[in-house]
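Chemist: Build me a model:
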Amino acid sequence: VMPRRHDLADGAQSAYRPPVAFPGVAAMDDSSALAQRGGPASLAGWLVLSAAVLVLFERGELFARAPVLIGIQIGSGLLWLWARLVFGRRSFHGTAGPTEGKLVTHGPYRFIRHPIYASFLYFIWPGVATHLTWVSATAGLVATAAVAVRIVAEERLLRERYAEYATYEARTKRVVPFLL
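Modeler: Next comes the predicted model:
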């Protein structure tokens, strides 16, 4: 994208770069040093995760059929909703990066550090287990790896932004309460 020129009051010009935006994802101001450090890897993780979910959906292998597995998927949707409500609108972005405000450690964040990512995994794997093929298993593993990339990128930035993150990290697991 060619930068546009913006006329300043004194007649000088400065380069203007619009924020980077993707459909369904809030704009990321490319001047943010934190966003730039976590951006490429986490954006790639988001795109790969989206592709893996799309593969599972297109093949009819995303949704579980067994009652217990359907229950897990419903629970994952409720976890996602709870986390979204607690965290608020500030987390709609394609790249990992701390947002404005305090570190959120209540609601589902009290039990796991990444309930939104966990909810993706809790939704994907019952579908993979129901329709176990080499393609579904590969898509599940790719989705898990993409989530891991995003988590690592995001946690590095959270440690830089929030001094209290180390204490929170020590007492709270990433995606499975009390285990992982």
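Chemist: Confidence-wise, which helix or strand of this structure is lowest on average?
Modeler: Least confident helix or strand of the chain, by mean pLDDT, DSSP states H and E, is strand 20-22 with a mean of 36.
Chemist: Point out where the chain drops to low pLDDT.
Modeler: 1-38, 89-99, 180 (pLDDT under 70).
Chemist: residue boundaries of the helices in it?
Modeler: 33-58, 67-87, 115-130, 134-161, 165-171 (DSSP state H).
Chemist: And those: which comes nearest V104?
Modeler: With C-beta to C-beta as the measure, helix 67-87 is the member of the helices of the chain nearest V104 (5.5 Å). (Glycine included, C-beta is placed from N, CA and C.)
Chemist: Alpha carbons of that closest one, in PDB - could you do that?
Modeler: This file holds the C-alpha atoms of helix 67-87, laid out as PDB (Å, rounded to 0.1, in the frame of the first residue of the first chain):
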ATOM      1  CA  PRO A  67     -23.900 -36.600  23.100                       C
ATOM      2  CA  VAL A  68     -21.000 -36.200  25.400                       C
ATOM      3  CA  LEU A  69     -18.800 -34.600  22.700                       C
ATOM      4  CA  ILE A  70     -21.700 -32.300  21.700                       C
ATOM      5  CA  GLY A  71     -21.900 -31.300  25.400                       C
ATOM      6  CA  ILE A  72     -18.200 -30.400  25.300                       C
ATOM      7  CA  GLN A  73     -18.700 -28.300  22.200                       C
ATOM      8  CA  ILE A  74     -21.700 -26.500  23.800                       C
ATOM      9  CA  GLY A  75     -19.600 -26.000  27.000                       C
ATOM     10  CA  SER A  76     -16.800 -24.500  24.800                       C
ATOM     11  CA  GLY A  77     -19.200 -22.100  23.300                       C
ATOM     12  CA  LEU A  78     -20.400 -21.000  26.700                       C
ATOM     13  CA  LEU A  79     -16.800 -20.700  27.900                       C
ATOM     14  CA  TRP A  80     -16.100 -18.500  24.900                       C
ATOM     15  CA  LEU A  81     -19.100 -16.300  25.600                       C
ATOM     16  CA  TRP A  82     -18.200 -16.000  29.300                       C
ATOM     17  CA  ALA A  83     -14.600 -15.000  28.400                       C
ATOM     18  CA  ARG A  84     -15.800 -12.500  25.800                       C
ATOM     19  CA  LEU A  85     -18.300 -10.900  28.200                       C
ATOM     20  CA  VAL A  86     -15.700 -10.600  31.000                       C
ATOM     21  CA  PHE A  87     -12.900  -9.300  28.700                       C
END
